[in-house]
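Engineer: Give me a 3D structure for the following:
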Amino acid sequence: MNLVAQLVQAAAENPEHHGNVALETLPFGLIAAGVFALLGLVALSYRNVANRHSAKAQAWAAEHGHEGHGAGHGH
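Structural biologist: Numbering: from 1, shown residues only. Reported below is the predicted structural model:
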C-alpha cells in the first residue's frame, strides 16, 4: 500500500469530523477582544487626568517654590 492509499483508508475509517475548526476557536478570539476592549476603556479613563488636577498641581508648585510642569527634569 502506498502513502496516499493509507491516508484515504485512515480517513474512511475515522468518519468523525468535529466541524469547522475556526468556529471552535471563535470564543477564544471573542474573549481576547473583550479583554482588550476593557483594557482600552481603562486606559481611556485616564485621559486628561493632569488637566483635571491642574489647580492642585499649580497650588502645590507655588507652595513648594517650583515652576510647575517640567520642574526637576533638567531640561
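Engineer: Name the residue closest to the centre of this protein, please.
Structural biologist: For the chain, the residue nearest the mean C-alpha position is Phe36 (3.3 Å; CA atoms, centre = their mean).
Engineer: Of all the residues in stretch 3-15, which ones are buried?
Structural biologist: Within stretch 3-15, no residue qualifies as buried by neighbour count (16 or more other CB atoms under 10 Å). C-beta: built from backbone N, CA, C; applies to glycine.
Engineer: What of stretch 25-36?
Structural biologist: By neighbour count with 16+ other CB under 10 Å, stretch 25-36 contains no buried residues.
Engineer: Stretch 45-52: end-to-end distance?
Structural biologist: 12 Å (CA to CA, to the nearest Å).
Engineer: Show me what it is in contact with.
Structural biologist: Stretch 45-52 is contacted from outside by Ala57, using CB atoms under 8 Å, 6 or more residues apart in numbering.
Engineer: what mean pLDDT does that stretch have?
Structural biologist: Averaged across stretch 45-52, the pLDDT comes to 80.
Engineer: before we move on, the earlier item: the residue nearest to the centre of the chain sits in which helix or strand?
Structural biologist: helix 26-45 (DSSP states H and E).
Engineer: What's the local residue count around Ala57?
Structural biologist: Per other CB atoms under 10 Å, the neighbour tally for Ala57 reads 14.
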